[in-house]
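**Q** Next come a sequence and a model predicted from it.
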Amino acid sequence: MVNLTIDGKAIQAEEGSTILQAAQAHGMRIPFLCYHPAIKAIGSCRICVVEVKPGPPRPQPACTTKVAEGMEVVTNSEKLQDIRRELVKFMLINHPLDCPWCDKGGECELQNLTHELGIAEVDYEAVRKPINNDFDSKLIERYNTRCVTCGRCVRVCKERVGASAINFENRAYFTDLGSGQVPLNCEFCGTCIEVCPVGALINKLFKYGARAWEMTATPAICQFCGGGCDYEVHVKDGQVKRVRRDEGNPLLCVRGRFGFGVISSDQRLKAPLIKKGGQLVEVSWDEALDFAAQGLMQVMAKGGPSAIYGIGSPRATNESNYVFQKFFRVVLGTNQIDNPGRYNYWRAVEGMAQVFGWPEIDGLNPEVLKYAKPFHSTLTLSEEAKGKGFPFVMGQTAKLKEADAVLVIGADVTPEMPPYGWALMEALQKEDFRLIVANPRKTKYDRYAHKKLRYRPGTERALVLGLMAAMVAANPDLAPQLPAEGWAACKEILQGVSLDDIAKQTGVAVADLQAAAATLLQAQAPAIIFGNDLLAQANGKENVVAVANLFLLIGQPANAGSGLYPIAEKNNTHGVCDVGVVPNLLPGYQPLAAGEKFGKIWNKVPSTIPGLTLDEALTRLENNAVNAPQAFYILGGDMIRQLPNSQRIRSILQKARFIVYQGAFMTEVAKLADVILPVGVHAEVNGTYTNTDGRLGQTRAAVSANGVRPGWQIITALSQKLDQPLEYASAEDIFKEMVSLMPIYVGLQPGYRWPCPDLKADIKGTFVPFSVEPEALGEGDFTLIVGKTMGHSGSFTTFAAGPMIVNGTQTLQINAEDAGKLGVAAGDTVTVSSAQGRIAVPVAVNDDLPAGVVFLADHFAEPLANSLTSNSNLCRVNIQKG
Amino acid sequence: MDLQRLEGILSRYACQPADLIPVLQDIQDSYNYLPKDELKVVAERLHLPLAQVFSVATFFTMFSLVPKGKHVCKVCVGTTCHLKGGQRLAESLSNRLGVDIGYTTKDMNFTLETVACLGSCAQAPVMMIDDTYYARVTVDKVPKILKKYQ
Ligand code: SF4
Ligand code: SF4
Ligand code: SF4
Ligand code: FES
Ligand code: FES
């Protein structure tokens, strides 16, 4: 701590902090402009000048001058105010004073400074700067006339977002903001809008929507990826006008910032529908619930409870999903439930569990707290509480920046999980940080990677094996830092691996493998990020086993940042798994055999017979197997778009005798339903989500649900119709019951993550052999990758204006050379065909793809990318012009 | 776009981000300006954001985003030249050529610019056409000088 005085007041400040920070920490205001807490201070505007003794005879910028022992700081002398006044006047020379119609009015820092400094007149004149506004860009308008060239936007885009999409042009007095003399075409994260002190950058979706003081802010959690950013929704007249994050961390992605339109989308399902004479017709809630209950009962009468199959939702709250699994286990009496993560994130869970074990927590205090704050765990730790299993090797986003080497494999970080990308940008500010990006395609972080490994699609396991073998070859005495079983046998296998063969299989040169291996081996805090490209393959679980083996060899989870970072696809992908929407585990990854404990609270012991996994259930129905499920109760989503082989999924669901769809939109699956129960989305409901880190986020109803209902209320209403009512007063109530049964959530509360950091971790792993057989992809000239693109999250965001403005249509991404060979140019239509189906789709020429590899996104209904795939996100296809 | 000419320039470099300024200089020399389409290719090939390429391209006076004339005429309006009538000289050139300062004649023969100091204050007022200095230029000498380039 450093002692100093500011305006005569003696204070203590953190060593290394700036005068501005010290003053702010003590509630003293120093005016500033180019400074913003989210970016590095550059001291360019000089609004924050202060007099410093001892120090140079000129005023010093408070935002870049560090505190020192015995320093005396004056912040508001007449001389300083004069300087500030003159500086602001210079800004006002060119400022258009658009305040009456500028969206920033009322929250504009220039307005406030002018007011604070009492400037009533600008006694300067100068030539007007040429007008260079940008009104053509898709979501952001730029009024250069209002810009005060503070550079916050340029720096936030470069430092934090990593896009560098805007920059200054020209110089001196004529310095002007630009985006390459074309309309801004960037990630459209909108972070620049957030940090701009004035109204130079305007959110087109918000424009003229409200004055700053007319809106009420309610905290909520974004629903569009596993990051679960906490933000505020700003509401006027019952409508969400914009969302915002806090000053210190203004980062959101395009979905979060511009995707809130899902809430008020005119495509929302607003009233319950039932199928009458082949048509879906609007009915009352009561009629719909009766119809649903009868339909389910009829199926049960013939096939028993296991004839009904439940599919939980990675977007619904923990509370809704918990009640959903309880509905199946208690009301119906079956474990026939699963969630769509089966085809993606669950593979990460199972793969990591194979190597590091399932979570187990020992040493909880036996008593359950009677009273706890809302959404706080009611379980407590005893002194000697211990935990083990894969969650203890999982990293957390907040620590990722402390890793010293990161391997990104099989993930396109920004479209899949922007928060990991922001963390990488922070890590990249460190000199000695090393980034390795392994992906068949060029992705955003290639620009920053110290090593790029461009492997052939489907050869991830061979690549990982190659990295491990190169490590052993470089250091024959290598041994894992963590306690591990099976190392001797594994090492023997690795010693037998020929790097040349790996290079042949993967297409990655031996020298690159060795260099990447050396980097990872030297790291003290290595981290591995992996995502959809690797998880959505048929062998996704094996891929994760390989990655987990690699981490067992190099990982040092005791060092901050070191960990496995799987990408959970949606806001509650992690949560839906945690709370037991799986056929073989009870909430908290507890075995079905532990059902007694649940029976005490549920008044019924759940069955110990595991249910079918989602893929087994679908296959049984496809094959008309005797014990195939006959009815589905589906919580949202669009399996037809998102699971491989759309036609197959569609025709299986068509076979079902009865489908209850509880969702927000008329998706392809909803169209097949017999009953549709419209559900509330994030800003309409109370409850919690668990993000990719295991962090609990609390969302609050900010706008009226207008006739739709929170998910859990629909499920409990249905249980009443089935004469076995599940009764809860609120989401808090459900949470309280749920956490009392979930030791893994001990100590959890909003903003905290599980496992509780106070648990002593007992980390152990086992090397699990894995094969490097490439996936069978079928026949065809090209390899198709089906994956995620910027701006979208599942099918959800295709119902929101913002993301659709930026990225509204399906295109086949193909590189220029391949396009040339096919004789097609951007915008031309091609027919893509595989053994499963064919689609016509326009071409987008994109040299991020290597020769022979093409890409389609799985978000769009038309045309359906997954009508080409068979059981994986990869398949071989043929492409024809026309 | 004359891709071959651009490729010729790019082939002389390893195409690292640090090559930006030399590449832009070569393009300026070869094309007499920096065509926007070419800059897009440069951004891609040097792995640089487009906004950064334009930031550099517009920062330095040696670069121009609009085609320059066959001859560039720079009139000094630095302190000494200013006192000795540099401004008047510039205006006279502007009248005679029929273009504003900073612009290029319709026939693309001359670009007229002013500069701050050409480093020959002793001979003020000074002007330069391409690489040739003209010292103590009085307004009446202008037609004769221009004739050499017409
Ligand atoms: S929207 Fe995001 S990516 Fe685009 S310029 Fe602004 S900060 Fe950069
Ligand atoms: S647009 Fe806003 S943030 Fe960017 S430089 Fe101008 S005033 Fe600053
Ligand atoms: S989609 Fe993910 S990264 Fe984007 S705002 Fe939402 S939670 Fe944050
Ligand atoms: S805020 Fe300190 S110099 Fe701009
Ligand atoms: S002022 Fe003209 S040459 Fe120096």
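**A** Arrived safely, thanks for sending. Ligands and ions are numbered 1, 2, ... in the order given.
**Q** hmm, who's touching the helix or strand residue A:281 falls within?
**A** With elements taken from DSSP states H and E, the one containing residue A:281 is strand A:279-282. Strand A:279-282 is contacted from outside by A:271-275, A:673, A:676, using CB atoms under 8 Å, 6 or more residues apart in numbering or on different chains. Just so you know, the C-beta spots here come from the backbone N, C-alpha and C atoms, and that holds for glycine as well.
**Q** make it 10 Å
**A** Strand A:279-282 is touched from outside by A:269-275, A:287-288, A:666, A:670-671, A:673-676, with contacts defined as CB atoms under 10 Å, 6 or more residues apart in numbering or on different chains.
**Q** Tell me which entries of those residues lie within helices.
**A** Secondary structure from DSSP state H places A:287-288 of these in helices.
**Q** Can you list the strands that the strand holding residue A:281 pairs with?
**A** Partners of strand A:279-282 in the sheet, by DSSP bridges, are strand A:273-276 (antiparallel).
**Q** For the closest residue to ligand 4 within chain B, give me its contacts.
**A** Across chain B, no residue is closer to ligand 4 than residue B:55, which sits at 20.1 Å (CB to the nearest ligand atom). With contact taken as CB under 10 Å, 6+ apart, residue B:55 is in contact with A:154, A:164, A:166-171, A:175, A:177-178, A:180, B:48-49.
**Q** Let's see that with 7 Å instead.
**A** A:167-169 (CB atoms under 7 Å, 6 or more residues apart in numbering or on different chains).
**Q** quick one, phi psi at it?
**A** Residue B:55 adopts backbone torsions of phi -60, psi -50, taken as degrees, to the nearest 10.
**Q** What does the pLDDT read for it?
**A** Predicted confidence (pLDDT) at residue B:55: the value is 96.
**Q** And the chain, split by domain according to the record?
**A** In the absence of a named chain, chain A is used. By the record's domain assignment, chain A is partitioned as A:2-76, A:100-113+A:124-264, A:273-370+A:571-761, A:396-561, A:782-881 (automatic domain parsing).
**Q** look at chain B instead
**A** When chain B is parsed into structural domains using automatic domain parsing, the resulting residue ranges are B:3-59, B:71-147.
**Q** could the ones you listed go into TSV alongside distance to residue A:433?
**A** Below are the domains of chain B laid out as TSV (distance: least, CB to CB, whole Å):
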stretch	distance to residue A:433
domain B:3-59	18
domain B:71-147	43
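**Q** Which among these is found nearest to ligand 2?
**A** Distance to ligand 2, taken as CB to the nearest ligand atom, is lowest for domain B:3-59 among these, at 12.1 Å.
**Q** Look at the closest one and report the distance between its end residues.
**A** The stretch domain B:3-59 measures 25 Å between its terminal residues, going by CA to CA, to the nearest Å.
**Q** Repeat that for stretch A:20-30.
**A** From the first residue to the last, stretch A:20-30 extends over 7 Å; the measure is CA to CA.
**Q** Show me how far that stretch is from its chain's centre.
**A** Taking CA atoms, centre = their mean, to the nearest Å, one finds stretch A:20-30 lying 34 Å from the centre of the chain it belongs to.
**Q** swap in stretch A:740-749?
**A** Taking the mean C-alpha point of stretch A:740-749 and that of its whole chain, the gap between them comes to 23 Å (CA atoms, centre = their mean).
**Q** same question for that stretch, mean pLDDT?
**A** 96.
**Q** If we ignore the residues flanking it in sequence, what's nearest residue B:130?
**A** What sits nearest to residue B:130 in space, not counting adjacent residues and going by CB to CB, 6 or more residues apart in numbering or on different chains, is residue B:71, at 5.5 Å.
**Q** Could I get the CA-only coordinates of the strand holding residue A:281 as CSV?
**A** Taking only C-alpha atoms (Å, rounded to 0.1, in the frame of the first residue of the first chain), the coordinates of strand A:279-282 have been written out as CSV:
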residue,chain,number,x,y,z
GLN,A,279,-54.2,-29.1,-38.2
LEU,A,280,-52.6,-27.3,-35.3
VAL,A,281,-55.3,-25.1,-33.7
GLU,A,282,-55.1,-22.6,-30.8
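**Q** ok, back up a step: JSON lines for the contacts of residue B:55, including secondary structure, neighbour count and distance to chain B?
**A** Converted to JSON lines, the contacts of residue B:55 look like this (DSSP: H, G, I helix; E, B strand; the rest coil; neighbours: other CB atoms under 10 Å in any protein chain shown; distance: CB to the nearest CB, whole Å):
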{"residue": "A:167", "secondary structure": "strand", "neighbour count": "24", "distance to chain B": "4"}
{"residue": "A:168", "secondary structure": "strand", "neighbour count": "19", "distance to chain B": "6"}
{"residue": "A:169", "secondary structure": "strand", "neighbour count": "23", "distance to chain B": "4"}
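**Q** Between those residues, which sits nearest ligand 2?
**A** Checking those against ligand 2 with CB to the nearest ligand atom, the nearest one is residue A:168 at 7.7 Å.
**Q** Please tell me how far that closest one sits from residue A:639.
**A** Computed with CB to CB, to the nearest Å, the distance linking residue A:168 and residue A:639 is 48 Å.
**Q** again with residue A:832
**A** Distance of residue A:832 to residue A:639, given as CB to CB: 21 Å.
**Q** cool, residue A:405 as well?
**A** With distances defined as CB to CB, the gap from residue A:405 to residue A:639 amounts to 38 Å.
**Q** Neighbour count for the two, which is higher?
**A** More crowded of residue A:405 and residue A:639, by other CB atoms under 10 Å in any protein chain shown: residue A:405, with 26 against 23.
**Q** residues near the residue lying closest to that one once chain neighbours are set aside, how many?
**A** Using CB to CB, 6+ apart and skipping residues adjacent in sequence, the residue nearest residue A:405 is residue A:523, 3.5 Å away. Around residue A:523 there are 23 other residues, counting by other CB under 10 Å.
**Q** give me phi/psi at residue A:494?
**A** Listed backbone geometry of residue A:494 is phi -60, psi -40, with angles given as degrees, to the nearest 10.
**Q** How about residue A:465?
**A** Here the main-chain torsion angles of residue A:465 (degrees, to the nearest 10) amount to phi -60, psi -40.
**Q** unless I'm mixing things up, it is touching residue A:497, no?
**A** Yes - assessed by CB atoms under 7 Å, residue A:465 is found in contact with residue A:497 at 6.0 Å.
**Q** More neighbours: which of the two?
**A** residue A:465 (25 against 18).
**Q** ok, that one to residue A:548 distance?
**A** As defined by CB to CB, residue A:465 lies at a distance of 13 Å from residue A:548.
**Q** do residue A:611 as well
**A** 26 Å.
**Q** From the neighbour counts alone, determine which of those two ranks first.
**A** Each of residue A:611 and residue A:548 had its neighbours counted (other CB under 10 Å), and the higher figure belongs to residue A:548 (30 against 23).
**Q** Rounded mean pLDDT for stretch A:596-616, please.
**A** Averaging the model's pLDDT scores along stretch A:596-616 yields 97.
**Q** Put the alpha carbons of that stretch into CSV.
**A** Output for stretch A:596-616, consisting of C-alpha atoms alone and laid out as CSV, is shown next (Å, rounded to 0.1, in the frame of the first residue of the first chain):
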residue,chain,number,x,y,z
GLU,A,596,-33.1,-44.1,-1.8
LYS,A,597,-31.9,-40.7,-0.8
PHE,A,598,-34.0,-39.1,-3.5
GLY,A,599,-37.0,-41.2,-2.5
LYS,A,600,-37.0,-39.5,0.9
ILE,A,601,-37.6,-36.1,-0.7
TRP,A,602,-39.5,-37.3,-3.7
ASN,A,603,-41.8,-39.7,-1.8
LYS,A,604,-41.0,-42.3,-4.4
VAL,A,605,-37.7,-44.1,-5.1
PRO,A,606,-36.7,-43.8,-8.7
SER,A,607,-36.4,-46.9,-10.8
THR,A,608,-32.9,-48.4,-10.9
ILE,A,609,-33.4,-49.5,-14.5
PRO,A,610,-31.5,-47.1,-16.8
GLY,A,611,-33.4,-45.5,-19.6
LEU,A,612,-32.3,-45.6,-23.2
THR,A,613,-30.0,-43.0,-24.5
LEU,A,614,-31.5,-40.6,-27.0
ASP,A,615,-29.8,-42.2,-30.0
GLU,A,616,-30.8,-45.7,-28.8
